[in-house]
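> A structural model of the following input is requested.
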Amino acid sequence: MKIHEYQAKELFKEAGIVVPAGTLCSNKGEIAAIVSQMSPPLAVKAQVLAGGRGKGGGVVLAGSKEEASRAAESILGMQLVTRQTGAEGVLVQKLLFEEGVKVRRELYLSILVDRERADIVIIASSAGGMDIETVAEESPEQIITVHVNPLLDLQGYQVRELIFGLSLEKAVAKSFADLLNKLYSLFMQYDCSMVEINPLAVTDADEVIALDAKVDIDSNSLYRHPDIGEMHDTSEEDPLEVAAAEHGLNYIRLDGTIGSMVNGAGLAMATMDLIKQAGIEPANFLDVGGGANAEMVENGFRIIMSDPNVRGIFINIFGGILRCDVLAEGVVAAARKLDLSLPVVVRMEGTNVDEGKKILAESGLDLISAGDLSHAASLLTEMI
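Numbering: from 1, shown residues only. Next up is the predicted model:
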């Protein structure tokens, strides 16, 4: 789960990490009062869950209060387009005003989970303020990586390795080491998958200050962090994905025309491959899970049918924990309740498959039972 910059900086402040003085603004009526109480230069920063805000016009450095006010009026309410938002962009609903910091040098610092090595990796670079991907491609020698065993935690020699790699002066090194240790502790405390500071500023007073803050938290850990869960902003997410999450369904919206409902993530991926191999495109990934019940099937149907691009539905179920007859009863009940008008192909295998197929056949509804995957593929092509 991603959180906004202003939220990440609240976590930073609680951890003792220095950030610029800032104020959040959520409507244009607040701009004048906020700016009047701050000292320029000011940074006016759109609060959206996407990178590349500056290149999209979502971050402005203002040399005066008047310039800051004009920038805020322009940014708040704009449809910000960045490389991570897609062509449609996202609506800017909040701004962060921050007082300027005299910067002598900019660094890059991040902590991530390295899934291949099953450890934690710290990435630092002297090329702060730039996209780390660009630095890696054009100047890989400027990137320092240190791998940390999470069972041993961050060690002093690893901190010194980063300090040496960044060529930090002795006075700055102490401040950097303090920040890095606090950032690592925050990373572990909140079950983060990523924290990033870009740029990390070195000031004339030999201090390091987090000018930016990105935090991504493992959603599976939110039951341990209810305070973080309250930070979740669904306004930038697809409304169908938000609705699915509320019903405990794993749903991702895609651009195709064939909706799918499957029990099991691996089977769902294979089902999308099958749909594409049939020459058509899947409209979604939807995993109802092994323990799905009639209510979950109904909610799954409702969400699929809410997508205006869907022209047919493919249900692919392997009956194990979720028996085929139970699935069939849920499908029939949902189809009747929702007045289903779309053609539905159902392929079932596993526990009580014959009983499940009988329930579908005797329902009197437009529910087509497929004998196997090849048969299902041929039926799918007839939907478009």
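
> look up phi and psi at I317.
phi -130, psi 130 (degrees, to the nearest 10).

> quick check: it touching M348?
Yes: I317 is within contact range of M348, at 4.9 Å (criterion: CB atoms under 8 Å). The C-beta positions use only the backbone N, C-alpha and C, and glycine is treated the same way.

> and for A265, the neighbour number?
A265 has 12 neighbours, counted by other CB atoms under 10 Å.

> how about C324?
24.

> just give the nearest non-adjacent residue to it, would you?
G356 (3.2 Å; CB to CB, 6 or more residues apart in numbering).

> can you map out the helices along the stretch 101-250 of the chain?
For the stretch 101-250 of the chain, helices defined by DSSP state H, counting those that start in this stretch occupy the ranges 132-138, 156-165, 170-189, 226-229, 239-246.

> and the fourth one, average pLDDT?
So the one you mean is helix 226-229. Averaging pLDDT along helix 226-229 gives 92.

> so what touches that helix?
1, 3, 190, 217, 222 (CB atoms under 8 Å, 6 or more residues apart in numbering).

> repeat that for 7 Å
190, 217, 222 (CB atoms under 7 Å, 6 or more residues apart in numbering).

> and the residue nearest to V262 when sequence neighbours are not counted, what does it touch?
Of all residues beyond its chain neighbours, the one nearest V262 is A268 (4.1 Å), with distances taken as CB to CB, 6+ apart. Counting by CB under 7 Å, 6+ apart, A268 touches 260, 262, 285-287.

> do you know how far L254 is from V60?
Distance, L254 to V60, using CB to CB, to the nearest Å: 35 Å.

> what's the weakest-modelled helix or strand in this structure?
Least confident element among the helices and strands of the chain, by mean pLDDT, DSSP states H and E: helix 373-381 (a mean of 79).

> show residues contacting it.
Contacting residues not belonging to helix 373-381 are listed as 258, 274-275, 277-280, 312, 314, 345, 347, 368, 370 [CB under 7 Å, 6+ apart].

> pLDDT on stretch 256-272, on average?
Per-residue pLDDT over stretch 256-272 has a mean of 88.

> alpha carbons only: can I get it in CSV?
Below are the C-alpha coordinates for stretch 256-272, written out as CSV (Å, rounded to 0.1, in the frame of the first residue of the first chain):
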residue,chain,number,x,y,z
GLY,A,256,-10.5,-6.6,-22.6
THR,A,257,-14.0,-7.8,-23.2
ILE,A,258,-14.1,-11.3,-21.5
GLY,A,259,-14.7,-11.2,-17.7
SER,A,260,-13.3,-14.1,-15.8
MET,A,261,-14.0,-15.6,-12.3
VAL,A,262,-11.5,-18.2,-11.0
ASN,A,263,-10.6,-19.8,-7.7
GLY,A,264,-6.8,-19.6,-7.3
ALA,A,265,-4.3,-17.0,-8.5
GLY,A,266,-2.3,-19.5,-10.6
LEU,A,267,-5.4,-20.8,-12.3
ALA,A,268,-6.5,-17.2,-12.9
MET,A,269,-3.2,-16.4,-14.6
ALA,A,270,-3.6,-19.5,-16.8
THR,A,271,-7.2,-18.6,-17.6
MET,A,272,-6.1,-15.2,-18.8
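
> now do the buried residues in it.
256-264, 268, 271-272 (16 or more other CB atoms under 10 Å).

> how about stretch 47-59?
Within stretch 47-59, the residues that count as buried by 16+ other CB under 10 Å are 47-54, 56-59.

> show me the two of those that sit farthest apart.
L49 and G57 (16.9 Å; CB to CB).

> residues in contact with V159?
177, 180.

> could you rerun that using 8 Å?
Going by CB under 8 Å, 6+ apart, the list of residues near V159 reads 177, 180-181.

> buried ones among those residues?
177, 180-181.

> surely M130 and Y108 touch.
Yes: with contact defined as CB under 8 Å, M130 counts as touching Y108 (7.4 Å).

> more neighbours: which of these two?
Legend: neighbour count by other CB under 10 Å for M130 and Y108, higher for Y108 (25 against 16).

> tell me, how many neighbours does the nearest residue to that one once chain neighbours are set aside end up with?
Distances taken as CB to CB, 6+ apart place S125 nearest to Y108, at 4.1 Å, with adjacent residues excluded. By other CB under 10 Å, the residues close to S125 number 27.

> so what's S125 scoring on pLDDT?
95.

> show me what contacts it?
107-108, 132, 135, 142-144, 166.

> bridging residues for it?
With DSSP bridges as the criterion, S125 is bridged to Y108, I143.

> which one (most neighbours) among the contacts of S125?
Highest neighbour count within those: Y108, with 25 neighbours (other CB under 10 Å).

> isn't it right up against N198?
Yes: using CB under 8 Å, Y108 is in contact with N198, at 4.9 Å.

> now the strands for the stretch 201-350 of the chain?
Using DSSP state E, counting those that start in this stretch, the strands of the stretch 201-350 of the chain run over 208-210, 214-217, 250-253, 258-262, 284-287, 312-319, 344-350.

> nearest to P150, out of these?
Closest among the strands of the stretch 201-350 of the chain, using CB to CB: strand 214-217, at 15.8 Å.

> who's in contact with the closest one?
So strand 214-217 is contacted by 1-3, 5, 7-8, 11, 51, 190-198, 225, 228 (CB under 8 Å, 6+ apart).

> picking up where we left off before, could you dump the helices of the stretch 101-250 of the chain into CSV with distance to D206 added?
As requested, the helices of the stretch 101-250 of the chain are exported to CSV (distance: least, CB to CB, whole Å):
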stretch, distance to D206
helix 132-138, 24
helix 156-165, 13
helix 170-189, 4
helix 226-229, 33
helix 239-246, 46
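
> please identify the most buried of the ones you listed.
Most buried of the helices of the stretch 101-250 of the chain by mean neighbour count (mean count of other CB atoms under 10 Å) is helix 170-189; its value is a mean of 18.
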